[in-house]
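1. Have a look; sequence and predicted model below, questions after that.
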Amino acid sequence: TSEELLNSPLPDDSHETWNYPGSIGFTYQINEVGEALRNGERECRHFTWNDSLQVASILDEVLGQVHAEPRVAEFEEAASVN
C-alpha cells in the first residue's frame, strides 16, 4: 500500500484554555468527519473506522493503566453489527 504524507500543523490555540493540551489537533479529524457526514458518507478517506478503533484501543490501554476498565470490545461489537 502507498502512504500519503499530510502536513497538518496544529491550529493556533493561544487564545484558548484546554483541559487536555494538544487536543486542538483533533480539529482536522472533527472537520473531516463532519464533511463526510454532510456528504452522506459513512467513513472518511483520511480517518477511517479502523483508525477510530485503533485510537479507542490506545485510549483504553492508557485509561486501563490509569484507572478505568477497557471498553474497546463495545466499539468492536458495534462495528460488527453495522
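-> Thanks, I have the structure now.
2. So which residue is dead centre in the chain?
-> In the chain, the centroid-proximal residue (Cα atoms, centre = their mean) is Ser52; its distance is 5.0 Å.
3. Any figure for the gap between it and Arg42?
-> According to Cβ to Cβ, to the nearest Å, Ser52 stands 12 Å off from Arg42. Where C-beta positions appear, they are placed from N, C-alpha and C, glycine not excepted.
4. go on, Glu32?
-> Between Glu32 and Arg42 the distance is 13 Å, computed by Cβ to Cβ.
5. Remind me what the longest helix seen in the chain packs against, helices and strands.
-> Scanning the chain for the helix with the most residues, using DSSP state H, yields helix 49-66. Contacts defined by 3 or more Cβ pairs under 8 Å, 6 or more residues apart in numbering; DSSP states H and E place helix 49-66 against helix 72-81.
6. Now do the helix it packs on, average pLDDT.
-> Averaged across helix 72-81, the pLDDT comes to 67.
7. show me the residues around Trp49 that make contact.
-> For Trp49, the set of contacting residues under the criterion of Cβ atoms under 8 Å, 6 or more residues apart in numbering consists of 42-43, 79.
8. Out of the residues you listed, which end up buried?
-> Among these, none is classed as buried by neighbour count (16 or more other Cβ atoms under 10 Å).
9. Save those as TSV, and put in distance to Tyr28 too.
-> What follows is those, written out as TSV (distance: Cβ to Cβ, whole Å):
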residue	distance to Tyr28
Arg42	19
Glu43	16
Ala79	22
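10. For the chain, which element, helix or strand, carries the lowest mean pLDDT?
-> Here the helix or strand of the chain ranked lowest by mean pLDDT, DSSP states H and E is helix 72-81, holding a mean of 67.
11. pLDDT below threshold where in the chain?
-> By pLDDT under 70, the low-scoring segments of the chain are 1, 18-22, 68-76, 78, 81-82.
12. Let's verify the residue of it most remote from its centre: helix, strand, or coil?
-> Centroid-distance maximum for the chain: His15 at 23.6 Å, with Cα atoms, centre = their mean. Three-state secondary structure (criterion: DSSP: H, G, I helix; E, B strand; the rest coil) places His15 in coil.
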